[in-house]
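Novice: Pasting the sequence and the predicted model now:
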Amino acid sequence: MSGKLAPNSFRSVFKTIDKDLVRWFPGHMGKGLKQMQHKLRSVDCIIEVHDSRIPISGINTDFKYTVSGIKPHILVLNKVDLIDARYKSLIENHLKDDYKHVIFTECKNQQCNGLKQIFPLAQKLIKESDRYNRATEEDCNIMIIGVPNVGKSSLINALRARYFGKGNATTVGAVPGVTRSVLHKIKLSDKPLFYMLDTPGILSPKISNVETGLKLALCSTIADHMVGERILADYLLYWLNKNEHFDYVKVFDLEEQSDNILDVLTHVAKVNKKYLKFKDTMNNYIIAPNLDHAANMFLKAFRTGNLGKIMLDEDIIR
Ligand SMILES: Nc1nc2c(ncn2[C@@H]2O[C@H](COP(=O)(O)OP(=O)(O)OP(=O)(O)O)[C@@H](O)[C@H]2O)c(=O)[nH]1
């Protein structure tokens, strides 16, 4: 039976030593954004994809001032399979002033309702819009934008399989930054003639605060090593405790809830028999729990949904 700590025994603030622990804007992202802007003239609709687990922290608000705003726009919140369904209406409500069309998707499930809604909605919005310079063009182009690793390529592949009956046209990866080439043009359907333009994930150059950055990193939009696996695991533990999600106690066979990441990681490493062997200054062998391995296991459990269906912005929406 797992023990319970009183709520006030957990940290109420996450303190990091390094305020600049994430270097946000790798060079290719700035270049990608410029190339996207140049291509806007040939675009009829924008589908902005983000991660349902961070529907507020994860949105790159720069898109609003750079690439979206002028063209018909759909906000897709992907990976909805990883959040508790009751948050969908709360998220929609929270975003309603900024985003008129919000669709939740789960790319791994072809039967997902959201996937079925996207193309008909895009067609409708384009039909109702003024296409200006493109009014006489027969083909329609939908540009897919978003931060890294939210599932843009997966969405393109799922839509293409649905409407064009073709296999993967673009590479899917578990680490951010798989799509580097800007505006890879992929046919979505023949009649009507529709194309999708894949784009590399773009993060905002300025992240409003460290916690937003850490949430982005927990959802793999930033490579783990940019932040550090142990810091990320510590933030996750802090967040889980603060928001009373204690599935980790059972999943990792802990005796009780804990707010001490070193204790938790040491336990996880020991239970899973993950040790490091190294020599000390006296040339003696030391065997110690492999805390980095344990941190990765902790992060993976969250990312695969094993720690429960978790929406990291629930603290903001509440
Ligand atoms: N659970 C879950 N995972 C998903 C879903 N869609 C995509 N993924 C996973 O998310 C990871 C990233 O997917 P991609 O399609 O490569 O994402 P991307 O936005 O194109 O990535 P970049 O090219 O880095 O910008 C992969 O491991 C996918 O399998 C989904 O709906 N649910």
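Specialist: Yep, that arrived. The shown structure was predicted, so the numbers you read here are calculated from the model rather than taken from an experiment. Residues are numbered from 1 along each chain as shown.

Novice: For this structure, identify the residue most remote from the centre.
Specialist: Met282 (45.9 Å; Cα atoms, centre = their mean).

Novice: Pull the number of nearby residues for Cys112.
Specialist: Using other Cβ atoms under 10 Å, Cys112 has 18 other residues around it. Glycine gets a C-beta too; all of them are placed from N, C-alpha and C.

Novice: Doesn't the residue farthest from the centre of the chain belong to a strand?
Specialist: No - counting by DSSP: H, G, I helix; E, B strand; the rest coil, one finds Met282 to be coil, located in no strand.

Novice: per-residue pLDDT, it?
Specialist: pLDDT recorded at Met282 is 91.

Novice: Please apply the same query to the one 5 residues further on.
Specialist: With respect to pLDDT, Ile287 has a value of 95.

Novice: and it, how far is that from Ala269?
Specialist: 11 Å (Cβ to Cβ, to the nearest Å).

Novice: Are there residues contacting both of these two? Which ones?
Specialist: Common contacts of Ile287 and Ala269 (Cβ atoms under 8 Å, 6 or more residues apart in numbering): Tyr275.

Novice: With neighbour numbers in mind, choose between these two.
Specialist: Between Ile287 and Ala269, counted using other Cβ under 10 Å, Ala269 has the larger neighbour count: 21 against 9.

Novice: okay but that one is in contact with Asn290, surely?
Specialist: Yes - at 5.1 Å, Ala269 and Asn290 qualify as touching, with contact defined as Cβ atoms under 8 Å.

Novice: Would you mind listing the residues touching both of these two?
Specialist: Shared contacts of Ala269 and Asn290, counting by Cβ under 8 Å, 6+ apart, come down to Tyr275.

Novice: how about the residues of the stretch 201-318 of the chain that lie near the ligand?
Specialist: When proximity is defined by Cβ under 6 Å from any ligand atom, the stretch 201-318 of the chain lies next to the ligand at Gly201.

Novice: mind showing which ranges of the stretch 151-300 of the chain have poor pLDDT?
Specialist: 166-183 (pLDDT under 70).

Novice: Please report phi then psi for Ser189.
Specialist: Backbone torsions of Ser189, given as degrees, to the nearest 10, read phi -150, psi 150.

Novice: mind listing the helices for the chain?
Specialist: 27-39, 62-66, 87-95, 113-128, 152-164, 210-218, 224-227, 229-242, 247-251, 261-271, 291-303, 314-317 (DSSP state H).

Novice: Ile83 - nearest residue in space that isn't next to it in sequence?
Specialist: Met311 (4.3 Å; Cβ to Cβ, 6 or more residues apart in numbering).

Novice: Count the neighbours of the one you found for me.
Specialist: So Met311, with other Cβ under 10 Å, has 24 neighbours.

Novice: wait, it sits on Ser52?
Specialist: Yes - counting by Cβ under 8 Å, Ser52 is a contact partner of Met311 at 7.0 Å.
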